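Asks: Need a 3D model of the sequence below.
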Amino acid sequence: MAEPIAAITLPPANNPQDEGVWLENSLRAWLDAEFIPELTNQSIAQRAAQVFVRHRMEGENDVGSLVIAIVTEMQEFDFSKSFYSEFAIANAMSDLLLDSLGIDRCCGQ
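Replies: Numbering: from 1, shown residues only. Model (predicted):
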């Protein structure tokens, strides 16, 4: 039987607002670089950062739970002017967080 994947947790949030600014800027840069810069990318990054900050302020440190929160709450966002979806945003946020923690996300490691 395969071993379950261990949870990845962030350190407790000392300043969730600063984390939100970092996430918003990083996510916006990722969105613009991944496909094409779009005006809506700023709105997407802002909304995702708001969700992230709120959950961090509520004490959420589990990356998996933060991903689910982004997917769930970004379903209300209008992605009609974007090539992205709530799943792409949640996955990008997860990748950015793992990169910031120095965790290699390649090849199932």
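
Asks: Provide a list of residue ranges in this structure with pLDDT below threshold.
Replies: In the predicted model, the chain carries pLDDT under 70 at residues 107-109.

Asks: Now the residue nearest the centre of it. Nearest residue, chain neighbours left out?
Replies: By Cα atoms, centre = their mean, the chain has its centre lying nearest to M93, at 2.2 Å. Sequence neighbours aside, I70 is the residue nearest to M93 in space, at 5.7 Å (criterion: Cβ to Cβ, 6 or more residues apart in numbering). (Each C-beta comes from the backbone N, C-alpha and C, glycine too.)

Asks: what comes up buried for the helix or strand containing the residue nearest to the centre of the chain?
Replies: Element membership of M93 [criterion: DSSP states H and E] is helix 86-101. By 16 or more other Cβ atoms under 10 Å, the buried positions in helix 86-101 come out as 86, 88-90, 92-94, 96-97.

Asks: Now distance to D32 too, for those residues, in a markdown table please.
Replies: Formatted as a markdown table, the buried residues of helix 86-101 follow (distance: Cβ to Cβ, whole Å):
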| residue | distance to D32 |
| --- | --- |
| E86 | 18 |
| A88 | 14 |
| I89 | 13 |
| A90 | 18 |
| A92 | 12 |
| M93 | 15 |
| S94 | 19 |
| L96 | 14 |
| L97 | 19 |
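
Asks: circling back to that earlier point, which strands or helices does the helix holding M93 pack on?
Replies: For helix 86-101, the packing partners by 3 or more Cβ pairs under 8 Å, 6 or more residues apart in numbering; DSSP states H and E come out as helix 16-34, helix 40-57, helix 63-74.

Asks: Next, give phi and psi for F77.
Replies: Here is the backbone geometry of F77 (degrees, to the nearest 10): phi -80, psi 140.

Asks: ok, it - contacts?
Replies: Counting by Cβ atoms under 8 Å, 6 or more residues apart in numbering, F77 touches 43-44, 47, 86.

Asks: Show me what counts as buried in stretch 54-73.
Replies: 55-56, 60, 63, 66-67, 69-71, 73.

Asks: Not counting it itself, show me its contacts.
Replies: Applying Cβ under 8 Å, 6+ apart, the external contacts of stretch 54-73 come out as 7-13, 16, 19-20, 48, 51-52, 86-87, 89-91, 93-94, 97-98.

Asks: Alright, calling it a day.
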